[in-house]
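Engineer: Sequence first, then the predicted structure, then my questions.
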Amino acid sequence: MGSLLRRSSWMRSAQASLLAIAVCFSLGASDSSARIDNLGHRLMCTCGCAQLLGECDHVGCPSRGEELATLGTAVAAGQTDQQILDAFAAKYGATVLAAPRTQGFDLVAWIAPFAVFAAALLGTILLVRRWSGTSGVRAGAAASNDLATASPEEKERIERIRRETGAEGGF
């Protein structure tokens, strides 16, 4: 009975060791594949399909296989993400990057949409204020000029329209 307990505990230890080794290998494998997937979503396919490299489903894509192989080789070589992105940008041009960098002139691509939106919003607000501010002044000035030079019959007609419509001048 003692040998059976020893054999059972040895078997459990061996199983636990094998499980730990399997977990370690699977974590290492998923780590590089996760990096490749992450970088594949930060790069564009250069075949002209306008899709991310990791998402390119272009049938017979001439570029995807080569680019993914280059990406896998760079990850296996231990390069950092920034080194890999820089190498792709040097080889294929800055258009291979899915998002512009946040430094130098590329920073304009991040700032410009917000600046244009803010300028358009400010312009719209100023235009609406100008329209609403001047239209009331013009209508009031036109009505007072019309009444000053109008004949008594015209004044009576304007007063009757104002009473019937409830309008206080201007449209």
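Structural biologist: On my side now, so go ahead.
Engineer: quick one: what helix or strand has Val59 in it?
Structural biologist: Using DSSP states H and E, no element contains Val59; it sits outside every helix and strand.
Engineer: Contacts only, for His41.
Structural biologist: Listed by CB atoms under 8 Å, 6 or more residues apart in numbering, the contact set of His41 reads 52-55, 98. Just so you know, the C-beta spots here come from the backbone N, C-alpha and C atoms, and that holds for glycine as well.
Engineer: got the phi/psi numbers for it?
Structural biologist: phi -90, psi 0 (degrees, to the nearest 10).
Engineer: Asp57 reaches Cys47, doesn't it?
Structural biologist: No - Asp57 is beyond contact range of Cys47, at 11.2 Å (criterion: CB atoms under 8 Å).
Engineer: Between the two, which is the more surrounded one?
Structural biologist: Per other CB atoms under 10 Å, whichever of Asp57 and Cys47 has more neighbours is Cys47, with 17 against 9.
Engineer: any idea of the pLDDT on the more buried one?
Structural biologist: Cys47 carries a pLDDT value of 86.
Engineer: Need the three-state assignment for it.
Structural biologist: coil (DSSP: H, G, I helix; E, B strand; the rest coil).
Engineer: Can you name the residues that contact the closest residue to it other than its chain neighbours?
Structural biologist: Closest residue to Cys47 apart from its sequence neighbours, by CB to CB, 6 or more residues apart in numbering: Ser63 at 4.1 Å. By CB under 8 Å, 6+ apart, Ser63 lies in contact with 45-47, 56.
Engineer: if we go to 10 Å?
Structural biologist: By CB atoms under 10 Å, 6 or more residues apart in numbering, the residues touching Ser63 are 44-49, 53, 56, 92, 96.
Engineer: which among those residues gets closest to Ser32?
Structural biologist: Leu53 (16.0 Å; CB to CB).
Engineer: tell me the domain boundaries of the chain?
Structural biologist: By the assignment in automatic domain parsing, the chain contains the domains 1-99, 102-171.
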